[in-house]
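Asks: Pasting the sequence and the predicted coordinates here, then a few questions.
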Amino acid sequence: MVSSIANSLGFGSGIDTKQLVTDLAAASREPKVERVNTLTKQNNAKISALAQAKSDLEGFADSLAQMVSDGSLRSTPTVSDESVLGATARAGMTADSFSATVEVTQLARAQTVYSGIVASKSAAIGQGSMTLTVGGVAKTITIGATNDSLDGLANAINASGAGVTASIVADDGGYRMILKGPTGEANAFTLETATPALSGFAYGSGGGMTLGQSAANATFTIDGVAFSRASNIVDDVVPGMSLTLKKAAPGQPVDIGASRPLDLIKQTVGDFVSVYNQLKTSLKSVSSTTGATSGLRELERELQALVSKVLTSHGSINKLSDIGIGTTKDGLLSLDSAKLEKALATDAGAVEALFNPRRDATHTETSDPGIAFALDAIRDKAIATNGAIDRVSKSLEDKKESLAETLEKIELREEAYAARLEKQFGGLDAKLAAFKATQSYLEQQIEMWNNQNNN
């Protein structure tokens, strides 16, 4: 046991075999581990660069789409008297294409009728059927044993889908039913019955309900041209503008128009160039660390093509290059401010339409995609399953797992190698110790022989 302990510590031979084993094991392990760690660090940098590129692309597309959807880049309606009417912008409004004078002569109204007072809303009113007719469309209302009451009749009318709303209100110690239809004269209604017990809740052909208000269309003029609409919200007269009629004001003309956010449009063009360049820088970083895959090259080509892509159906200002955005030799974008100013002076509406395209029967996402829609298409394709970014991301994650497995195998092999070294050098130490003991014995014997001869 003493010999074994001594040998394990390197005492038997006088050689520091423990340190020797440590040094040899480290010399074998460290270069291999360092190489894998370097590859892992490089792969993690690639993953980080790709994540940044994806974040930049999604943020770029989302922020631009948000500005379009919330109307930040849209011309804003102006109204001289908002107590009479209001106006909001819709996609496709252009500030220099419309200004007018509106006169509201009548608001759209809904027909209302009401019944006489009934002592209890849950008392029986009679069983039978009624016919509710709205705009020529008839619905059958059935009152039976389970719904024979004022409440039951109101619920049946509301559930009919006819568009008439029935309400039960308290009045002078009892209850009465009020019916209200949709606005517009075409939505006038009747509620008829052949059941005498229900005639008090009928309207039309001698029914017992009373007309509170007749149905009527809104009437108004725009620059002297008369219009009539069933609703007080009018979306189909002024392109890109929704009008809300608030009160009838005959003889009180209201001026409407629009103003364009020119400063914000200029800022957005500049921001587009800056954010695009950041995205290109991120993609360049990914390509430099991963090697330019075909998917990444395709994504970069699609982004580069945005500059010359036709985005609207306008005859002369329909591309980003038409408003001063160009490409440098490094593949980044630059802005010619003088060209942008000239385009705005020539046709500011066409510039606005690049970011806020018209939407109507002839201006669709196909004919007038606008920059936001075009960028969304590139983003969706890139991040989709098996898209350019998705494919590179999967490849990097697979590489990460492979490197982790390689490192684990190296550690296992090097542990086994160190164990073999300890065993081999432990045996060598024991043999050297034995040789050393033999040497000492022989030296003693020779010394004794020499002393005897000398005597």
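Replies: The structure has been received and is ready for your questions. Numbering: from 1, shown residues only.

Asks: May I ask which helix or strand of the protein has the lowest mean pLDDT?
Replies: Here the helix or strand of the chain ranked lowest by mean pLDDT, DSSP states H and E is helix 2-9, holding a mean of 42.

Asks: any low-confidence regions in the stretch 301-450 of the chain?
Replies: Residues of the stretch 301-450 of the chain meeting the criterion pLDDT under 70: 424-441.

Asks: Strands of that one, start to end?
Replies: Secondary structure of the stretch 301-450 of the chain by DSSP state E, counting those that start in this stretch: the strands cover 325-327, 333-335.

Asks: In a markdown table, list the ones you listed along with mean neighbour count.
Replies: C-betas here are computed from N, CA, C, even on glycine. Shown next, in a markdown table, are the strands of the stretch 301-450 of the chain (neighbours: other Cβ atoms under 10 Å):
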| stretch | mean neighbour count |
| --- | --- |
| strand 325-327 | 18 |
| strand 333-335 | 17 |
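
Asks: Grab the most central residue of the protein for me.
Replies: In the chain, the C-alpha nearest the mean C-alpha coordinate belongs to D62, at 6.0 Å (Cα atoms, centre = their mean).

Asks: Give me the pLDDT value at that one.
Replies: Looking at D62, its pLDDT is 84.

Asks: Is it part of a helix or strand, or is it coil?
Replies: Secondary structure, DSSP: H, G, I helix; E, B strand; the rest coil: D62 is helix.

Asks: can you give me the mean pLDDT across the top strand by length along the chain?
Replies: The residue-count maximum for a strand in the chain (DSSP state E) belongs to strand 174-183. Mean pLDDT, strand 174-183: 96.

Asks: same question, stretch 258-267
Replies: 83.

Asks: In space, what's closest to D368 - neighbours in sequence excluded?
Replies: P357 (4.0 Å; Cβ to Cβ, 6 or more residues apart in numbering).

Asks: Give me the phi and psi for the one you found.
Replies: Per-residue torsions, P357: phi -70, psi 150 (degrees, to the nearest 10).

Asks: coming back round to it: what are the contacting residues of whichever helix or strand comes after the longest strand of the chain?
Replies: Later in the chain than strand 174-183, the nearest helix or strand by DSSP states H and E is strand 189-193. Applying Cβ atoms under 8 Å, 6 or more residues apart in numbering, the contact partners of strand 189-193 are 111, 113, 128-135, 141, 157, 162, 164, 179, 181, 199, 201-205, 207, 209, 215.

Asks: In helices, which of those residues fall?
Replies: Cross-referencing those against helices under DSSP state H gives I157.

Asks: Please convert the buried members of the contacts of strand 189-193 into PyMOL selection syntax.
Replies: Buried residues among the contacts of strand 189-193 (16 or more other Cβ atoms under 10 Å), as a PyMOL selection:
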select buried, resi 111+113+128+130+132+133+134+135+141+157+162+164+179+181+199+201+202+203+204+207+209+215
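
Asks: List the contacts of stretch 119-134.
Replies: In contact with stretch 119-134 (Cβ under 8 Å, 6+ apart) are residues 118, 138-145, 148-151, 153, 157, 160, 162-164, 168, 173-175, 181-182, 187-198, 200-202.

Asks: same deal with stretch 403-417?
Replies: For stretch 403-417, contacts defined as Cβ under 8 Å, 6+ apart pick out 25, 28-29, 32-33, 36-37, 39-40, 43.

Asks: again, only using 7 Å
Replies: By Cβ atoms under 7 Å, 6 or more residues apart in numbering, the surrounding residues in contact with stretch 403-417 are 25, 28-29, 32-33, 36, 39-40, 43.

Asks: Next: stretch 194-205.
Replies: So stretch 194-205 is contacted by 113, 115-116, 125-126, 128-130, 143, 153, 177, 190-193, 207-209 (Cβ under 7 Å, 6+ apart).

Asks: what distance separates the start and the end of it?
Replies: 10 Å (Cα to Cα, to the nearest Å).

Asks: Next: stretch 360-367.
Replies: Across stretch 360-367, first to last residue, Cα to Cα, it's 11 Å.

Asks: same deal with stretch 244-252?
Replies: End to end - Cα to Cα - stretch 244-252 spans 16 Å.

Asks: hey, where'd the helices end up in this protein?
Replies: Using DSSP H, helices in the chain cover 2-9, 17-69, 150-158, 262-290, 294-305, 337-355, 370-383, 388-454.

Asks: out of those helices, nearest to Q106?
Replies: Nearest of the helices of the chain to Q106, taken as Cβ to Cβ: helix 150-158 at 27.7 Å.

Asks: Next, the buried residues of that closest one.
Replies: For helix 150-158, a neighbour-count test (16+ other Cβ under 10 Å) marks 150-154, 156-157 as buried.

Asks: and which of these is nearest V225?
Replies: I157 (38.9 Å).

Asks: Would you mind naming the residues that bridge with the residue nearest to that closest one when sequence neighbours are not counted?
Replies: What sits nearest to I157 in space, not counting adjacent residues and going by Cβ to Cβ, 6+ apart, is A166, at 4.1 Å. Taking DSSP bridges as the rule, A166 bridges to L179.

Asks: you'd agree Q252 is up against S83?
Replies: No: Q252 lies out of contact with S83 (Cβ atoms under 7 Å); the separation is 9.4 Å.

Asks: okay, the two: which has more neighbours?
Replies: Q252 (14 against 11; other Cβ atoms under 10 Å).

Asks: Now for the residue nearest to that one when sequence neighbours are not counted, how many residues are close by?
Replies: Leaving out its chain neighbours, the residue that sits closest to Q252 by Cβ to Cβ, 6+ apart is V84, at 6.3 Å. The tally of other residues near V84 (other Cβ under 10 Å) stands at 19.

Asks: coming back round to it: could you tell me which residues make contact with the residue nearest to I157?
Replies: Contacts of A166 (Cβ under 7 Å, 6+ apart): 154, 157-158, 177, 179.

Asks: Can you pick out the most distant pair from the residues you listed?
Replies: Among the contacts of A166, N158 and M177 lie farthest apart (Cβ to Cβ), at 11.1 Å.

Asks: on that earlier part again, and S313, which of the helices of the chain is closest to it?
Replies: Here helix 337-355 is closest among the helices of the chain (Cβ to Cβ), at 8.9 Å.

Asks: So what touches the closest one?
Replies: By Cβ under 7 Å, 6+ apart, the list of residues contacting helix 337-355 reads 68, 73, 75, 94-97, 260, 262, 265-266, 268-269, 311-312, 314, 317, 320, 322-324, 368, 370-372.

Asks: do the same with stretch 261-275
Replies: 60, 67, 72-73, 323, 325, 333-335, 340, 344, 348, 351-352, 355.

Asks: So which bits of it are buried?
Replies: Quick answer for stretch 261-275 (16+ other Cβ under 10 Å): 261, 264-266, 268-269, 272-273, 275.

Asks: Please state the offset of that stretch from the chain centre?
Replies: Centroid separation for stretch 261-275 versus its chain: 21 Å, with Cα atoms, centre = their mean, to the nearest Å.

Asks: Then stretch 215-233?
Replies: Counting by Cα atoms, centre = their mean, stretch 215-233 comes out at 39 Å from the chain centroid.

Asks: Go through that stretch and flag the buried ones.
Replies: Those would be 215-220, 222, 229-230, 232, for stretch 215-233 by 16+ other Cβ under 10 Å.
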